[in-house]
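> Give me a 3D structure for the following:
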Amino acid sequence: MKLIVLDRDGVINQDSDNFVKTTEEWIPIPGSLEAIGRLCQAGWTVAVATNQSGLARGLFDASVLSDMHFKMQCLAMDHGGRIDLIVHCPHGPDDGCDCRKPQPGLFRRIADHFKLPDLSGVPVVGDSHRDLHAGMLLGGVPCLVKTGKGQRTLQNPLPPGTQVFDDLSAVADHLLGKTR
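The predicted structure is shown next:
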């Protein structure tokens, strides 16, 4: 199985320091949904692992999150893609859970869902250190995108072996052996 794990905010859709709280605020990054479509058409399985502390903060509820994910799924399908699994952490930063990135709980759930012992060799795409570190704990290959908080993340040392890309489309190009 060719599996890729994506962060959501800042990788697939525009991020906000004030949180993405509504389906109207969920705006795809140009080229991201097309990239998911190209990956799926080439036989890749796409999973999303996302921290959603806005739930714990009371900024939106589970129904709104479900609506955002439905919108993401529909737009991915419009481009010939699909997201096979979406896992999220609903907890706040001080809740002490094992699923909030940089903890590996979301990635363990993905590995378990696909009946994998770990995520060895699986590209883990994010725009922050916590995305990269969480995936690496299960053997994932860290891929930083410069979208979202990616430029800010570049200001600090990256985990060894991190590959850096302009955006999700560039990640897809790399994985599919294309140049832009």
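> And the strands in the chain, which stretches?
2-6, 44-51, 85-89, 123-126, 141-145, 163-165 (DSSP state E).
> Quick one: residues contacting H129.
Applying Cβ atoms under 8 Å, 6 or more residues apart in numbering to H129 gives the contacts P102, T153, N156, L158, P159. C-betas here are computed from N, CA, C, even on glycine.
> Could you export those as CSV, including distance to Q14?
Below are the contacts of H129 laid out as CSV (distance: Cβ to Cβ, whole Å):
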residue, distance to Q14
P102, 22
T153, 16
N156, 22
L158, 23
P159, 25
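> For this structure, which residues score under the pLDDT cut-off?
Counting by pLDDT under 70, the chain contains low-confidence ranges at 179-180.
> rerun that using 80 as the cut-off
For the chain, applying pLDDT under 80 flags the ranges 178-180.
> who wins for proximity to G135 among the strands of the chain?
Nearest of the strands of the chain to G135, taken as Cβ to Cβ: strand 123-126 at 2.8 Å.
> Show me what that closest one is packed up against.
Judged by 3 or more Cβ pairs under 8 Å, 6 or more residues apart in numbering; DSSP states H and E, strand 123-126 is in contact with strand 2-6, helix 129-136, strand 141-145, helix 168-175.
> Go again with 10 Å.
Contacts defined by 3 or more Cβ pairs under 10 Å, 6 or more residues apart in numbering; DSSP states H and E place strand 123-126 against strand 2-6, strand 44-51, helix 129-136, strand 141-145, strand 163-165, helix 168-175.
> about what we covered before: just the buried ones from the contacts of H129, in PyMOL syntax?
Remark: buried members of the contacts of H129, expressed as a PyMOL selection using 16 or more other Cβ atoms under 10 Å:
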select buried, resi 153
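> Now the helices and strands packed on strand 123-126 in CSV, please, with extra columns for distance to G37.
Shown next, in CSV, are the helices and strands packed on strand 123-126 (distance: least, Cβ to Cβ, whole Å):
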stretch, distance to G37
strand 2-6, 13
strand 44-51, 10
helix 129-136, 22
strand 141-145, 17
strand 163-165, 17
helix 168-175, 9
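> Would you mind saying which of these lies nearest D95?
Nearest of the helices and strands packed on strand 123-126 (Cβ to Cβ): strand 44-51, 11.1 Å.
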